[in-house]
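> Build me a structure from this.
(2 chains, ligands or ions: 8)
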2 protein chains.
Amino acid sequence: KTHTDCMTSRNIVKLPGFIDVHVHVREPGATYKEDFETCTAAALAGGVTMICAMPNTNPSIVDRTAFDYASTLARVSARCDYALYVGASSTNYDTICELAPQAAALKMYLNETFTTLLLEDMTIWQKHFQSWPKKMPVCTHAEREKTAAVILMASLLDRPVHICHVARKEEILIIKAAKERGVKVTCEVCPHHLFLNSNDIDKIGKGRAKVCPVLCSPEDQAELWRNISIIDVFATDHAPHTVEEKNSENPPPGYPGLETILPLLLNAVHQGRLTIEDLINKFHRNPRKIFNLPEQPNTYVEVDLDYEWVIPTSMEFSKSKWTPFAGMKVCGAIHRVTLRGEIAYVEGQILVPPGFGQNVREWPMPKKQTFQTYSIEKVE
Amino acid sequence: KTHTDCMTSRNIVKLPGFIDVHVHVREPGATYKEDFETCTAAALAGGVTMICAMPNTNPSIVDRTAFDYASTLARVSARCDYALYVGASSTNYDTICELAPQAAALKMYLNETFTTLLLEDMTIWQKHFQSWPKKMPVCTHAEREKTAAVILMASLLDRPVHICHVARKEEILIIKAAKERGVKVTCEVCPHHLFLNSNDIDKIGKGRAKVCPVLCSPEDQAELWRNISIIDVFATDHAPHTVEEKNSENPPPGYPGLETILPLLLNAVHQGRLTIEDLINKFHRNPRKIFNLPEQPNTYVEVDLDYEWVIPTSMEFSKSKWTPFAGMKVCGAIHRVTLRGEIAYVEGQILVPPGFGQNVREWPMPKKQTFQTYSIEKVE
Ligand SMILES: [Zn+2]
Ligand SMILES: [Zn+2]
Ligand SMILES: [Zn+2]
Ligand SMILES: [Zn+2]
Ligand SMILES: [Zn+2]
Ligand SMILES: [Zn+2]
Ligand SMILES: [Zn+2]
Ligand SMILES: [Zn+2]
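Ligands and ions are numbered 1, 2, ... in the order given. As a prediction, this is how the structure comes out:
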């Protein structure tokens, strides 16, 4: 157990349930890497009470049949709440938009990565941008100049766009410039781009360190922190693979991240690099606003702000038995997670069964979203 | 001689001197491919009385020393008028802007091509865009999504940008969308993307057909014609290499084009795909406006609209002794070219010596540019 007892430290505060909008569950198609049951256990252990599941599965979620299939799997197995992405393909722009009300968002892959969903041609981007409802989010894997290209196209078509896993100086700076000119663009950053850089590759191991976008230069990393106010969302890009795969000749890209994101961010709060307000805004409120996600009633995460620990070689619940953050000393740990009134996690134990998680897109939508202000409550 | 006598046909009209804003002279550094003397002879034989010379020479034109050196070479050898580009490098953004008043424009290479001047990072694009004077043109080799990226950056920085050699549907369509929203972007298209496509590669030969941007699909080509009103400028991207190089194992990209562009465009007029007004706008007026180039006094091109001929295996004056247009039957030929009152070319003969050409950036700039309307004069 990584964190069985933090009774020695008692600076526990109550935070909202966190929302990770970028999670690769690997079910259907690669459940030996991860599945809804293990992925959502890892989420809860990490203080995440809602995930948005990416569509680059097998089959990929590009039509109603695949979407319904994944929905059934999730309904049976998820322990935390969730919504499911649909994926843009080169041919489904006329049909996939029908799933918009039920989907977390539309995901568009504009770079070569761990997917078959690459959209290479801007004319295809345009078709998706035009047919997907403007009120529903579109998320893009769009690195480097593709960040700028997709922002131009969204702005010309007068629709919002969300940029996944911003990693580079050139990316955050063009997003900043676009925001300053009123362009409707939002963006997310992952813990591994905030807390690791290319100098860490040797320590992690060259093969294991493979991730997409890559670990960038210390200058890129510093620029993310310098522009922390531009970053709307923190998300893991939880991308589990087996240790054997990551150690192999041609390792697939991606890191597990659900069980480490909150401790790493709490540690940044501890170091004064982030405020608790930043954390709540970027890991709860903004995901809700951008993705139009409902408030989970009676849902909160109690964290111990003063508990110091060292991230072990692997975390407890993900099937991906390694972490690029192994050996990092962090201050801050998840004590207890309450999901819709039930204690879902406490001190290393998952207490809710598979099937407890609900698809939040099946909840009735309130007329007007509410965004509570959290008075950070100290728990005695 | 390709066109020695067209006395059999007598539908001769007088057009303005044409301006080719995209010419690779190859001097300094590769004069075995082409030099100012041969390049400007080819220009005049093609009805082009002014060229803008690209900076990817050896040395490349990235500082005052190289610029002065190229200027001296041009002054001695050019037969037609000219202006010289300067090239953006990853380091010269603070200094190259000093040459703006003397330069044709700033050229930025954003794709891998026949140059050492690749600018990979958008932060470098931004520095050049900010330091180069807004009134002076910036030209970019920016294919596919880089077209969109560079348009976004220019528009966020509120400066105009010119896109070189647009070749693809996705490129012309994003430019169209940007223009419709008032973004200050202009673009040029080359004859080989208007008159050839990927189906011609076998006939041309796979190695010889190498060009950058590549010959695209018939659909891409058709979309250029469909959006002819969006195209501001016709330019050759005259990129001479020796036949031996083009026939070699690893041929360099590029086609000669100066001697064939006007006949090909006249043929399009003959076919009704283009009007004479389009031709004058896109190959004379718009280059002048976009690049702020002066009117050449007493300068005109007499063309024979009805002369039919077949483009031979190579043209007369360029050192690059081949053409991708060999075998094409065209209607329209250059009869006589008058440059600043002197007959510079007539019926296959160049009549002005090296050194007759002038650097138009050394001419006194008129307070206000004038743009004549041409009454297409029939010459008896
Ligand atoms: Zn991605
Ligand atoms: Zn991802
Ligand atoms: Zn909330
Ligand atoms: Zn605890
Ligand atoms: Zn080019
Ligand atoms: Zn060129
Ligand atoms: Zn004129
Ligand atoms: Zn003639």
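> Helix, strand, or coil at A:Thr65?
Recorded secondary structure, A:Thr65: helix (DSSP: H, G, I helix; E, B strand; the rest coil).
> count of residues packed around A:Ile343?
Neighbour count of A:Ile343, defined by other C-beta atoms under 10 Å in any protein chain shown: 12. Glycine gets a C-beta too; all of them are placed from N, C-alpha and C.
> And it, what's its pLDDT?
Model confidence at A:Ile343, given as pLDDT, is 98.
> ok now do it, which residues does it touch?
A:Arg336, A:Val337, A:Leu351 (C-beta atoms under 8 Å, 6 or more residues apart in numbering or on different chains).
> tell me the SS of the first one?
Right, A:Arg336. Three-state call for A:Arg336 (three-state DSSP): strand.
> Quick check: it vs ligand 3, distance?
Per C-beta to the ion, to the nearest Å, A:Arg336 is found 18 Å from ligand 3.
> again, but for the second one
Between A:Val337 and ligand 3 the computed distance is 14 Å (C-beta to the ion).
> quick one: low-confidence ranges for the stretch 251-380 of chain A?
When residues are selected by pLDDT under 70, those of the stretch 251-380 of chain A lie in A:372-380.
> and the residue of it nearest ligand 4?
A:His335 (3.3 Å; C-beta to the ion).
> Was I right to think that residue contacts A:Asp304?
Yes - between A:His335 and A:Asp304 there is a contact under C-beta atoms under 8 Å: 4.9 Å.
> Now do the helices in the stretch 101-250 of chain A.
A:122-131, A:145-156, A:169-180, A:191-195, A:201-204, A:218-226, A:243-247 (DSSP state H, counting those that start in this stretch).
> wait, which of those is closest to ligand 4?
Nearest to ligand 4, of the helices of the stretch 101-250 of chain A and by C-beta to the ion, is helix A:191-195 at 20.3 Å.
> what sits up against that closest one?
Contacts to helix A:191-195, defined as C-beta under 8 Å, 6+ apart, come from residues A:165-167, A:211, A:213, A:215-216, A:220-221, A:224-225, A:234, A:236-237, A:255, A:257, A:260-261, A:264-265, A:268, A:324-325, A:328.
> rerun at 7 Å
A:165, A:167, A:211, A:215-216, A:221, A:224, A:236, A:255, A:257, A:260-261, A:264, A:324-325 (C-beta atoms under 7 Å, 6 or more residues apart in numbering or on different chains).
> Considering the residues you listed, which possesses the most neighbours?
A:Gly257 leads those on contacts (other C-beta under 10 Å) with 30 neighbours.
> Contacts only, for whichever residue of chain A sits closest to ligand 8.
Nearest residue of chain A to ligand 8, counting by C-beta to the ion: A:Thr123, 43.0 Å away. By C-beta under 7 Å, 6+ apart, the residues touching A:Thr123 are B:Lys169, B:Glu170, B:Leu173.
> Format these as TSV; extra columns: neighbour count, distance to ligand 8 and pLDDT.
Formatted as TSV, the contacts of A:Thr123 follow (neighbours: other C-beta atoms under 10 Å in any protein chain shown; distance: C-beta to the ion, whole Å; pLDDT from 0 to 100):
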residue	neighbour count	distance to ligand 8	pLDDT
B:Lys169	21	37	98
B:Glu170	25	40	98
B:Leu173	20	39	98
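> of all the residues you listed, which comes closest to A:Tyr345?
Nearest to A:Tyr345 among the contacts of A:Thr123, counting by C-beta to C-beta, is B:Glu170 at 47.5 Å.
> Look at the closest residue to that closest one other than its chain neighbours and say how many residues are nearby.
Leaving aside its chain neighbours, B:Glu170 sits nearest to A:Met122 (3.8 Å; criterion: C-beta to C-beta, 6 or more residues apart in numbering or on different chains). Other residues near A:Met122 number 26, with proximity taken as other C-beta under 10 Å.
> picking up where we left off before, filter the contacts of helix A:191-195 down to the ones in strands?
Among those, DSSP state E puts none in strands.
> Please list which of those are also close to ligand 4.
Among the contacts of helix A:191-195, no residue lies close to ligand 4 (C-beta under 5 Å from the ion).
> Which one of those residues is nearest to A:Glu98?
The closest of those, once distances to A:Glu98 are taken by C-beta to C-beta, is A:His165, at 27.8 Å.
> Tell me which residues touch that closest one, please.
A:His22, A:Glu188, A:Val189, A:Cys190, A:His193, A:Pro213, A:Asp237.
> In contact with the residue nearest to B:Glu170, which residues?
Contacts of A:Met122 by C-beta under 7 Å, 6+ apart are A:Ala149, A:Met153, B:Arg144, B:Glu145, B:Ala148, B:Glu170, B:Ile174.
> swap the cut-off to 6 Å and go again
By C-beta atoms under 6 Å, 6 or more residues apart in numbering or on different chains, A:Met122 lies in contact with B:Glu145, B:Glu170, B:Ile174.
> Can you report how many residues neighbour the residue of the stretch 101-250 of chain A found nearest ligand 3?
Residue nearest to ligand 3 within the stretch 101-250 of chain A (C-beta to the ion): A:Val233, separated by 14.0 Å. Burial measure for A:Val233: 27 neighbouring residues, criterion other C-beta under 10 Å.
> Can you give me the end-to-end span of stretch A:351-366?
Length of stretch A:351-366, first residue to last, C-alpha to C-alpha, to the nearest Å: 29 Å.
> In it, which residues are buried?
A:Leu351, A:Val352, A:Pro354, A:Phe356, A:Gly357, A:Gln358, A:Asn359, A:Val360, A:Arg361 (16 or more other C-beta atoms under 10 Å in any protein chain shown).
> For B:Glu347, state which of those is nearest.
For those, the nearest to B:Glu347 is A:Arg361 (75.6 Å; C-beta to C-beta).
> In contact with that closest one, which residues?
Taking C-beta under 6 Å, 6+ apart as the test, what A:Arg361 contacts is A:Ala83, A:Gln102.
> picking up where we left off before, as JSON lines, the contacts of A:His165 with pLDDT would be great.
Compiled in JSON lines, those are given as follows (pLDDT from 0 to 100):
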{"residue": "A:His22", "pLDDT": "98"}
{"residue": "A:Glu188", "pLDDT": "98"}
{"residue": "A:Val189", "pLDDT": "98"}
{"residue": "A:Cys190", "pLDDT": "98"}
{"residue": "A:His193", "pLDDT": "98"}
{"residue": "A:Pro213", "pLDDT": "97"}
{"residue": "A:Asp237", "pLDDT": "98"}
